[in-house]
Each structure stands twice: as structure tokens, then as C-alpha cells.
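Asks: pasting the sequence and the predicted model now:
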Amino acid sequence: MNPLLDFSALPRFDAIQPKHVAPAIGELLTENRRVIEQLAQPTTPATWAGFVAPLTDASERLGRAWGIVGHLHSVNDIPPWREAYNALLPEVTRFYSELGQNQTLFAKLKALRASAEYERLNTTQQRIVDNDIRDFSLSGADLAEADKPRFQAIQEELAALGAKFSENLLDATNAFGEYVTDEAELAGIPADVCQAAREAAEKESKPGWKFTLHAPSYGPLMQYADDRALRARMYRAYATRASEHGNPDYDNTPLIGKLLKLRNEAARMLGYKNYAEVSLVPKMAETPQQVADFMREIAAKARPFAEKDVTELREFAASELGMPQLESWDLAWAAEKLKQARYAFSDEEVKQYLPEPQVLAGLFRVIESLFGVQLAADQAPVWHPEVRFFRIERNGQLIGQFYLDLYARDEKRGGAWMDEAITRRRTADGGIQTPVAYLNCNFSSPVGGKSACFTHDEVITLFHECGHGLHHLLTEVEELAVSGIHGVEWDAVELPSQFMENFCWEWDVLKH
């Protein structure tokens, strides 16, 4: 059996290979189109049980399988996975475009909302029907038939451009290496960062030290390296990644132009003035002007304090560091010197108090205390040996599981994010489907056989992503379409993650 089609348990990362993508996704697309054809029949009632539930069941299988493919494209972006993902991306995008423009299904949803049954649905189910109608409209269901092919073509091109944009950024990041052979240039850089750079150079059988544009290498170098010329080279390389200033094969400039043009065209086809209006339809903010006013209000309140900080930093650099002119590549370094001089505080010194085992234990202690759950290591197939797997229980009952992928790798996209593997829902047999999440970060790997140590900012990032994960894993909603982060306005979805960040500043948490 194709392992991508096995939905009986956790994803089979030990068996799934790029060659499985095309046949599995092709089969699921065919299956979904068959279900849609049946649901579009006049004899199919416009009811929750006869229409909404079977459409949800069919689409979940496709969503789970394609979600695995997308996840592997993000965390293991090697050529075979990139090719497998990009080969099916147009097909999957086309399917969802066709689904969103299906006038018959749209009419049945509107009939359901206008029926007496809608009033008998619970609040959660009503929310799903309302969201679906909104999403059909945003997918072009109201467009004239003559306009639908063009709208669909725009969606396919936008998906392809978005994937290419991310790939260019990763490729441009990986293509750069700053090789240092004079040990004097390493002055100020923390020992663990130098050790990682040494190991990176050794992997390529090169002398000296290799620094990269990945966050665990770039960030500490910019913050601590005393060699100003080295900082300047690194800054320019980072600031011009995937731009017209580098390898033209990775230049995202023309992609940005195409993305903006296509988004504007799609928005106008839907009857909106611009893409910003379309983007806000499923969000809490109501208009682009409201967003702009909000941001200007924040800027006006923050600017005086920012100007005070910059003035203080410039005065310190001129008087204490002999730098009358601060450049962009000097800011993090000068700020670190100011912290050390004024407050005898260094992020690097704090790192030694935040080794990974203690950080995870402290994080889990917070989660267990807040939510009355228990976390423990668990077993599951993973996509990389560094990935770990955990379970969450309450009173001995399993309520969720998650993968933890902490470290940066060349084949892994940058940043930190949470994504869903399986979403909680009540199944047809009356049972509850256990939710599963992916938690991904890009922290420094352990070096020299020791545990990795995190900066306080990295600890905040970890707590932040766990907030998203807890939102997904601890939900009590039983309908797939609005379970966990599903159906939540995107400008509200950050609330649980921001909530968890606060605990990184509490002494009762930090002392553990």
C-alpha cells in the first residue's frame, strides 16, 4: 500500500518517498472529484449529514496527504522532494480552484443556510456553513462562467510563484559561505559559534571556519564579531539574498512584480479595489485603512522611544567604541557592547543557563501547570534523526501528540512555525481523532558533543510556537473545519502564542 494513503495512524515518515506523491495525490484527487460529482446531483439533499459531512470526510484525506508532502518540502527540501511537490502543485491548486468555483455546491450551501435545518444546527456548524459560503465567494464562485478559467489560472500561477519564491530564498541562503582562515578575524565571536563554523568547514574538507546566512551562524556573528569588515560582508550578503544583486537564478524581484500584478487582477475580478481588501475578508480587521491607522498609531507611540535608543547608541559608539558613524552592520554589535557596559549583561553569558534539556523541562512544566496535562516522550517515525516526538495526556488519556524539530539545516526553510499533521474531530464511529502537530524551529545544533544552549530570544520563539501547537492540540472543538487553528481569523490566531511568550519573563518559570 502507498504509505501516503495510510491514514490509520501517524504519518509513515520512515516509508514515504517522493515516488509515492504522484500516485497517491492523483488517486485522492480522483476520489474527491467523484464525491463532488455525487454531491452535485439534484438528488443529494442540501443538509449537514447529506452534503457537508461527506464533503469534509473526502477533503480531509487529500488535505492530510498533501499536508505531509508540503511539510517534507519545507523541512527536507532536497531535489527529489522539491520536484515531487512542484509536479503536483498545479494539479492540487487546480482542484481547489475548481471546487471553490463549483456553482452547484455553492447553491446547495446557500440553500442550507436559508433552510429550517440551519436554525437547528449548533453554533459551530453554523459557523462552518457561513465560512464555506464566504470562501466560495472568494474562490470565484460568483464569477461569470467566462471569467472562471482566468481566475483559476491566476490561482495556479500564484501557487507556483509562491513556492518558487521560498525555494529561491533557501537556495540563495545555502549558496553563500564566508570562509575565514585568519583566526584573528574571529575575535568576539562565541566559542560555540566558532566550533559550529569549524565543523561546517571540515564537512567540506576546507581549512578554517565557514559562516553562513542561516540564523544560528549569521545572528551571533553580527552581534559579537569585532571585525567590522567581516560584519559588513555578512550583512550585505544577507540583505541581498534572492535579489537582483546576486545570482540571477535566485532573483525574486520579477516574481514579486508578478505576484502583485496577479493578486491585484484577482481582487478586481472579485469586485474589490485591491488585494488588501480581499485579504481582510476572513480577518478581524475590516478595512485596509483601519489597519494603516492602527499601525500609524503604534508607530507614533513607539517612535520617540526608538529615537531615544538610537541617540543613546550613537553617543555610546562615538565616545566608547571610536565609531562616529554607525552603519547597519554595526547596530547589533554596538548594542551588545552597550548592554555589557551599562548592565554587565550579555546574551551569550545567559545562554549557558539555558541548555536544551532544562529549557524543554521548564516549558513542559509550564504547560502541565497551566492546562492540567502531562507530557512525555513518545515514539513515531520521523523525517530526520534530530526530530523528537511527544505525547500529551490528561488523567491518563491521550489528547494530542507533536513532533519537535528544533535545529537549522541546509535543506530546511528558515524561521519557526507550527503546522498540523492531524486535526481533532469526532469521527463517523463516534470516536475522537487525536490531533498531531509539527513544531519547527531553526536553532543552533549541539556542537562538541554537548547539549545545545539557547538564547533567551530562542526560548521565546520556542514558547511562541508551542502556543500555536497548544491551540491546535488542546482544542475541544469536534468539527474539523473549525477545530484548533481552523476557522480562526488570521489576525487573532497569534493570541495563544503571545500568551505563552509572557511566561519567558516570569521568574518562577526562569528559575527552573
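Replies: Structure received. No experiment lies behind these values; they were computed from the predicted model shown.

Asks: so what's residue 177 closest to, chain neighbours aside?
Replies: With Cβ to Cβ, 6 or more residues apart in numbering as the criterion, residue 177 has its nearest non-adjacent residue at 5.2 Å, and that residue is residue 210. In this view, the C-beta of every residue, glycine as well, is placed from N, C-alpha and C.

Asks: and stretch 97-108, end to end?
Replies: 18 Å (Cα to Cα, to the nearest Å).

Asks: likewise for stretch 481-498?
Replies: Calculated as Cα to Cα, the first-to-last residue distance of stretch 481-498 is 24 Å.

Asks: and for that stretch, what's in contact with it?
Replies: Residues from elsewhere that reach stretch 481-498 (Cβ atoms under 8 Å, 6 or more residues apart in numbering): 56, 124, 127-128, 131-132, 282-285, 420, 423-425, 435, 463-468, 470-473, 475, 477, 480.

Asks: if you set the cut-off to 7 Å instead, what comes out?
Replies: 56, 124, 127-128, 131, 282-285, 420, 423-425, 435, 464-465, 467-468, 470-472, 475, 477, 480 (Cβ atoms under 7 Å, 6 or more residues apart in numbering).

Asks: stretch 339-352 now?
Replies: Counting by Cβ under 7 Å, 6+ apart, 190, 224, 320, 336, 453-456 sit against stretch 339-352.

Asks: again, but for stretch 229-248
Replies: Contacts of stretch 229-248 (Cβ under 7 Å, 6+ apart): 168-169, 172-173, 175-176, 178, 185, 211, 213, 218, 221-222, 225, 250-253, 328-329, 333.

Asks: buried stuff in it?
Replies: For stretch 229-248, the neighbour count (16 or more other Cβ atoms under 10 Å) marks 230-231, 234-235, 237-238, 241-243, 246 as buried.

Asks: same check on stretch 493-510?
Replies: 493, 496-497, 500-501, 503-504, 509.

Asks: same deal with stretch 173-186?
Replies: 173-178, 180, 185-186.

Asks: and stretch 262-274, by the same measure?
Replies: Neighbour count says stretch 262-274 has 262-264, 266-267, 269-270, 272 buried, by 16+ other Cβ under 10 Å.

Asks: can you tell me which of the buried residues of stretch 493-510 is nearest residue 84?
Replies: Proximity of the buried residues of stretch 493-510 to residue 84 was ranked by Cβ to Cβ; the top entry is residue 493 with 29.2 Å.

Asks: surely that closest one is in a strand?
Replies: No - Residue 493: not assigned to a strand; according to DSSP: H, G, I helix; E, B strand; the rest coil it is coil.

Asks: buried residues in the helix or strand hosting residue 311?
Replies: Counting by DSSP states H and E, the element that carries residue 311 is helix 288-320. Under the neighbour-count criterion of 16+ other Cβ under 10 Å, helix 288-320 has 291, 313, 316-317 buried.

Asks: ok, now how distant is the most centrally placed residue in the chain from residue 461?
Replies: Central residue of the chain (Cα atoms, centre = their mean): residue 417, 3.5 Å from the mean position. Distance, residue 417 to residue 461, by Cβ to Cβ, to the nearest Å: 10 Å.

Asks: same question, residue 381
Replies: Distance from residue 381 to residue 461, by Cβ to Cβ: 26 Å.

Asks: residue 435 now?
Replies: 22 Å.

Asks: before we move on, what about residue 146?
Replies: 48 Å.

Asks: more neighbours, these two?
Replies: residue 461 (21 against 7; other Cβ atoms under 10 Å).

Asks: mind naming the longest strand for this structure?
Replies: Determined from DSSP state E, the single longest strand within the chain is strand 397-407.

Asks: other residues contacting it?
Replies: 75, 373, 378, 382, 384, 386-393, 434-441, 443, 445, 469, 473-474.

Asks: buried residues, the lowest-mean-pLDDT helix or strand in the chain. List them.
Replies: Lowest mean confidence among the helices and strands of the chain (mean pLDDT, DSSP states H and E): helix 347-351, at a mean of 87. The neighbour-count check on helix 347-351 (16+ other Cβ under 10 Å) flags 347-348, 350-351 as buried.
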